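> build me a model from this:
(2 chains)
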Amino acid sequence: MQPKRQRFSNFSQAIHTTANCIRPDNEMQLADLVSKYACGGLLARGKGLSYSDCCVLHDGVIIDTSRLNHLLSFDPDSGIAVCQGGVTFADLLLIDPAFIPPVLPGTLHATVAGGVANDVHGKNNHGFASFGHHVEWIELQIGDQTIHCSREQNSQLFFASIGGLGLTGVIKRIGIRMRQASRFVMLKAEKYRGFDELLPRMQHEGLQHDYQVAWLDLLNEPRAILSLADHCESDKPQKTKPAQSIPKLPIRLINHWLIKQFNRMYYHQTSTRPQTLPLSTFNNPLDAIQNWNRLYGSKGLLQFQAVFAAALTPALLNKLKTIIHYQRASPTLAVLKYFTQPGLGLLSFVQPGFTLAIDFINNQQAHQAIVAMNQLISESGGRLYLAKDLRLQREQFISMYSNHQQFSAVLARHNSPMRSDLGKRLGLTNG
Amino acid sequence: MDKNTWVILGATSIIAEKFAQLAAEAGHDLLLVARDQPQLAIIAADIRLRYRVQCEEMTIDFAKDSSLLIEKLGNSQREFNLLIAYSLMINNNKLDNNNIASLIEVNIISTVQIIHAYLNSRQKQHRLVYLSSVAAVKGRAKNSLYGASKSAIELYLQGLQQAATKNQFITIARLGFIDTKLTFGEPGIFYASSPAACAKACWRASLAHKRLIYHPFFWRFIMALISRLPFFLYQKMSKL
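Residues are numbered from 1 along each chain as shown, chains lettered A, B, ... in the order given. Got it, this is the predicted structure:
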């Protein structure tokens, strides 16, 4: 197979790289290609849905895993599903109508290997922690070797691979423990003027529900909508509306003023009456619009996501808001979640505290705001999400991720050929 | 619509896999046939889990012995539909005595034997889709033996189409560039259609009882032009 020169971006379309792409058709070819191209630096890429530069490798070799996307087995007694790394969360939902993956990220189009590599979280951290907790084992391709890793076997490599940004090897197969749950949720929304009451509500009442997430308005006076949802039975048919697709646009359709008005309208129009929704409609509202990132035009968007201690949250929210306003950045979507359980991996993002994710229009102001926000989080003992970040510096990273040395040691011990632009930027890999 | 079992020959190729998924989605059981046993098992497991249909596997090397399949097609009590998606692709400059024989064995002899057995089996209805290539339309310096083998089957099928009963549906799909390992990274590929789109076009063509389709459709016009070119111009294109 010939490598193909191809351009790659991240999901937010904010960075542009070129790489030689190879696309194995099966696992045998994957093993051949990984050992053949190992010397120059490789990166396995699934759907490329990360907001950071962890899914690109400029001038390196990208392994397109789109054809390694088969479901392999499912045992309803143990709940363990086995699949190839390129399978998506949406595919996992096809396995059995009575089972779901215990943790679902914000998009179901992400691959399961990507879910492992970023140790993704959902809106139910207080119940089910992060995705890595439900991974029984993984099969890694490192050079010409296939290594089976679990909590018992090659455990160091296992814990390095959970949240390991794909740098430990190509995640070829995964065993996931699925969860028995219905496909519908009962949603209840609560409106807040200001964040003072919201935070304690999330720390107490929120934990009584299966899912919780808060939408924040950072452009008008502080307002929030807290969504609390619980699994429920429903005889409604699972509607499968075809996703609307946004074409490639040369201009940005979103601006500061429009979002400000949208936020106002959204706050007033959201109903607080309980309603029954399909799980995916509640959990993945943006999946209904294919390529919604194109709304931001050719320069794309930026996302900031950090987790910080609950006690510091009221003050930090104010400070972050001040930075955004001072830098005149345009936050388009802000979401607050509450974590109670840490992740399993050496570089897992998830740790107890509040996590705030903010989308920005990609401009100079947003970059400056994010740099200042990163510094603030670093000084406050918080942590940036590496799946979202483009601006973190090595010193800040080191202070946030205390296991970084252990992680780099595992990479060195196994002589992992994997590289990414993020890995190079943060000094995680040699060269 | 009938719920016959679709027999997919060359099931580990990506176009055949996508076609099998369409058949499974429509509720058909499947018999997947290919040489690469481990990959065949992976594809079959995936289809069972996604679509909850019966999916049998049969490992066969069409270069060696297809008798197991021929027997199954000829003597089964079940009603089968047939997709022929396997072939051996060897460029003229790589030919030697051995692989010439293999190419003819795989692309012509086994294919004709299978088609013959299938169409002579006692079924209420026969539905056959043959994946051909635009290379079958005119001999090309790069791969004319491959093109000739595809052309041989096409000509054979044309005769069968002429004599087909009203319950025999034979579709020939002449494929241009499809995004497979054959085109990936190759120079001169101006547009490669996705395997899923290709499978869908073949699926629809069979349901609509089409005799011949091109996919991507515009290859019909390209090939119309190429086959009418004066020879001295065609000769100048031998490097393409």
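
> so who does the closest residue to residue A:207 other than its chain neighbours touch?
Excluding its sequence neighbours, the residue lying closest to residue A:207 (Cβ to Cβ, 6 or more residues apart in numbering or on different chains) is residue A:126, at 4.9 Å. No exception for glycine: its C-beta is placed from N, CA and C like everyone else's. With contacts taken as Cβ atoms under 8 Å, 6 or more residues apart in numbering or on different chains, residue A:126 has the following neighbours: A:206-207, A:212, A:338-341.

> between those residues, which is nearest chain B?
Taking Cβ to the nearest Cβ as the measure, residue A:341 is the one of the contacts of residue A:126 closest to chain B, at 30.0 Å.

> quick check: that closest one vs residue A:379, distance?
Taking Cβ to Cβ, to the nearest Å as the criterion, residue A:341 is separated from residue A:379 by 25 Å.

> which one's more surrounded, the two?
Here residue A:341 and residue A:379 are compared on neighbour count by other Cβ atoms under 10 Å in any protein chain shown; more neighbours surround residue A:341, at 16 against 10.

> let's see the pLDDT reported for the residue nearest to residue B:219 when sequence neighbours are not counted.
Beyond its immediate neighbours in the sequence, the residue positioned closest to residue B:219 (Cβ to Cβ, 6+ apart) is residue B:176, lying 3.7 Å away. According to the prediction, residue B:176 has pLDDT 95.

> also residue B:2?
Reading off the per-residue confidence, residue B:2 sits at a pLDDT of 62.

> ditto for the one 3 residues further on
The predicted local distance difference test score for residue B:5 is 96.

> what does residue A:238 give?
The model reports residue A:238 with a pLDDT of 69.

> any weak-confidence spans in the chain?
Picking chain A for this. Along chain A, the model assigns pLDDT under 70 to residues A:238-240, A:431.

> oops, I was thinking of chain B
B:1-2, B:240.

> in it, what residue comes closest to chain A?
Nearest to chain A, among the residues of chain B, is residue B:185, at 3.3 Å (Cβ to the nearest Cβ).

> what's around the residue lying closest to that residue once chain neighbours are set aside, how many residues?
Counting by Cβ to Cβ, 6+ apart, the nearest residue to residue B:185 once its immediate chain neighbours are dropped is residue A:2, at 3.3 Å. Using other Cβ under 10 Å, residue A:2 has 12 neighbouring residues.

> ok, residue A:2 touching residue B:186?
Yes: when contacts are counted by Cβ atoms under 8 Å, residue A:2 is listed as touching residue B:186 (6.2 Å).

> check contacts around residue A:368.
Neighbouring residues of residue A:368 by Cβ under 8 Å, 6+ apart: A:327, A:329.

> so where does it fall, helix or strand?
Taking DSSP states H and E as the definition, residue A:368 sits inside helix A:364-379.

> contact partners of the lengthiest helix in chain B?
The single longest helix within chain B, with elements called by DSSP state H, is helix B:144-162. Under the contact criterion Cβ under 8 Å, 6+ apart, helix B:144-162 has outside partners B:87-92, B:95, B:100, B:103-104, B:107-108, B:111-112, B:115, B:119, B:128, B:130, B:132-133, B:135-140, B:168, B:170, B:172, B:211.

> three-state assignment of the residue of chain B closest to chain A?
coil (DSSP: H, G, I helix; E, B strand; the rest coil).

> burial count for it?
By other Cβ under 10 Å, the residues close to residue B:185 number 16.

> wait, it sits on residue A:33?
No: shown here, residue B:185 and residue A:33 do not form a contact pair, counting by Cβ under 8 Å, at 11.9 Å.

> could you pick out the residues of chain B near chain A for me?
B:12, B:14, B:36, B:38-39, B:42-43, B:45-46, B:49-50, B:181, B:184-186 (Cβ under 8 Å from any Cβ of the partner chain).

> show me where chain A has helices.
Under the criterion DSSP H, chain A contains helices at A:27-37, A:89-92, A:112-117, A:125-128, A:155-161, A:198-203, A:256-269, A:279-283, A:313-327, A:364-379, A:394-400, A:404-413, A:421-425.

> tabulate these (JSON lines), appending distance to residue B:149.
Shown next, in JSON lines, are those (distance: least, Cβ to Cβ, whole Å):
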{"stretch": "helix A:27-37", "distance to residue B:149": "25"}
{"stretch": "helix A:89-92", "distance to residue B:149": "37"}
{"stretch": "helix A:112-117", "distance to residue B:149": "39"}
{"stretch": "helix A:125-128", "distance to residue B:149": "56"}
{"stretch": "helix A:155-161", "distance to residue B:149": "47"}
{"stretch": "helix A:198-203", "distance to residue B:149": "68"}
{"stretch": "helix A:256-269", "distance to residue B:149": "60"}
{"stretch": "helix A:279-283", "distance to residue B:149": "48"}
{"stretch": "helix A:313-327", "distance to residue B:149": "66"}
{"stretch": "helix A:364-379", "distance to residue B:149": "59"}
{"stretch": "helix A:394-400", "distance to residue B:149": "58"}
{"stretch": "helix A:404-413", "distance to residue B:149": "49"}
{"stretch": "helix A:421-425", "distance to residue B:149": "46"}
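
> most tightly surrounded among the ones you listed?
Among those, the stretch with the highest mean neighbour count (mean count of other Cβ atoms under 10 Å in any protein chain shown) is helix A:112-117, at a mean of 29.

> on contacts alone, who are the packing partners of it?
In terms of contact count using 3 or more Cβ pairs under 8 Å, 6 or more residues apart in numbering or on different chains; DSSP states H and E, helix A:112-117 is assigned the packing partners helix A:89-92, strand A:170-177.

> lovely, talk soon.
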